[in-house]
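In: structure for the following, please:
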Amino acid sequence: MTASAELVKCLVWDLDETLWRGTLAEGDRPVLPAAVRDVVETLDSRGILQSIASRNDHEQAMARLEELGIAEYFVLPSIGWGRKSDAVRAIADELGFAYRTIAFVDDQHTERAEVEFHLPEVRCYAAEDAVRLAGLPEFVPRSLTADSRRRRQLYQAGFRRSAERAAFAGPDEGFLRSLDLRLDVRRASGDDLARVEELTLRTSQMNATGVHYDAAALGELTRDSGHEVLTAALTDRIGPHGAVGIVLLETGVSNWRLKLLATSCRAVPFGVGSVLLGWLADQAALAGVHLSADFRPTGRNRMMEVAYRFAGFAEQECSCLPERGGSGPDEEVQRLHLIPDRQAPPATMRLSVPDLAGPRLSRSSSGPE
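Out: Sure, this is the predicted structure:
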């Protein structure tokens, strides 16, 4: 395996002689080494999700994890008798994570080889290396935020929402209304910058340009009167979704340029990207300016392009658009344009938003009760 410093988003554990010592199917009562427990707790506190791919009886294995007091740390555990690669693939797909952000640890060389063969992007580690994983660069986030520390709980709440959604009898809009969704958009402060940076780093499918901004650059933009750096946090009756969106807006006299829109993949089912675009269009219409948006295809952000097109953005010339500065990276960016109209409030969530069109004072607006 070639090591990579790209952050691991989810570590998938084997059980027997890997997470614990002993073989459950042979009648052992497995024990959990203190050093392994420390790794599990440390990775969880860093916002790295953990799961299980084990050949065992599901009920017996989960019962032992409960007895050991660590069952809560694992999302989407796959415990059965199928191939480990199928289990790892299913976990990654359910989470919506690229395979290169998944790691797998197992005591058996043949199991690691089977996963590496079918999923070559997954990073595999031997069980004897488990106690040192927390010290490897791919398991150390650049920064820690309130959301990253509770990432597991956010995903577990998401699984509860998915279960309710599957059981809901009625149209999708009715289910979304039943959640009592609230989107809080506010100007980023110093305390927010680490989370904004994290979102630009972690978000690929719903990142309009694929550009990543570090906290220092974002801090400079928050102090620039010609820019707005906005964060969006979503909550509902089940609990918080955390920070799910960022907006980087350059506010000119005749044109507002949306330099970056990025939303968390977990916010996609709730239409957060479309709601943000509708609100920005409404604010631009109130301010009497055109709205433009940068978009650069990355191979993974097709959904974001669809959101822009659905909102009415198109490639068209307009005197409000600045001239391009010749060849270079800027030429890879599509400059989309919209002459905005006033927008109706979203039907499925309430908004708390700043007033971009008028004086720079916060105000709240609500969607339909």
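In: so, low pLDDT: which residues of this structure?
Out: Within the chain, the stretches with pLDDT under 70 are 1-4, 200-206, 323-331, 359-369.
In: and the nearest residue to residue 318 once chain neighbours are set aside, what element?
Out: Nearest residue to residue 318, sequence neighbours excluded (Cβ to Cβ, 6 or more residues apart in numbering): residue 337, at 5.4 Å. No exception for glycine: its C-beta is placed from N, CA and C like everyone else's. Element membership for residue 337, per DSSP states H and E: strand 334-338.
In: same question for residue 219.
Out: Using DSSP H and E, residue 219 falls in helix 215-222.
In: mind listing what's buried along that helix?
Out: 215, 218-219, 221-222 (16 or more other Cβ atoms under 10 Å).
In: remind me what it packs against, helices and strands.
Out: helix 193-202, strand 227-236 (3 or more Cβ pairs under 8 Å, 6 or more residues apart in numbering; DSSP states H and E).
In: how big is the angle separating the first one from strand 227-236?
Out: Just to be clear, that refers to helix 193-202. Inter-element angle recorded for helix 193-202 and strand 227-236: 80 degrees (by axes from the mean of the first three to the mean of the last three Cα atoms, to 10 degrees).
In: and the angle from helix 193-202 to helix 215-222?
Out: Using the same axes, to 10 degrees: helix 193-202 against helix 215-222 is 110 degrees.
In: next one: helix 193-202 to chain centre, how far?
Out: 10 Å (Cα atoms, centre = their mean, to the nearest Å).
In: got the buried residues of helix 215-222 as CSV, with distance to residue 186 columns?
Out: Formatted as CSV, the buried residues of helix 215-222 follow (distance: Cβ to Cβ, whole Å):
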residue, distance to residue 186
215, 17
218, 14
219, 16
221, 15
222, 12
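In: stretch 310-322: end-to-end distance?
Out: 24 Å (Cα to Cα, to the nearest Å).
In: so which residue is smack in the middle of this protein?
Out: residue 264 (3.7 Å; Cα atoms, centre = their mean).
In: who's in contact with the residue nearest to that one when sequence neighbours are not counted?
Out: In space, and not counting its chain neighbours, residue 264 is closest to residue 244: 4.4 Å by Cβ to Cβ, 6+ apart. By Cβ atoms under 8 Å, 6 or more residues apart in numbering, the contact list for residue 244 reads 232-234, 263-264, 266-267, 272.
In: need the contact list for residue 14.
Out: Neighbours of residue 14 in contact, by Cβ under 8 Å, 6+ apart: 52-54, 84, 104-108, 111, 127.
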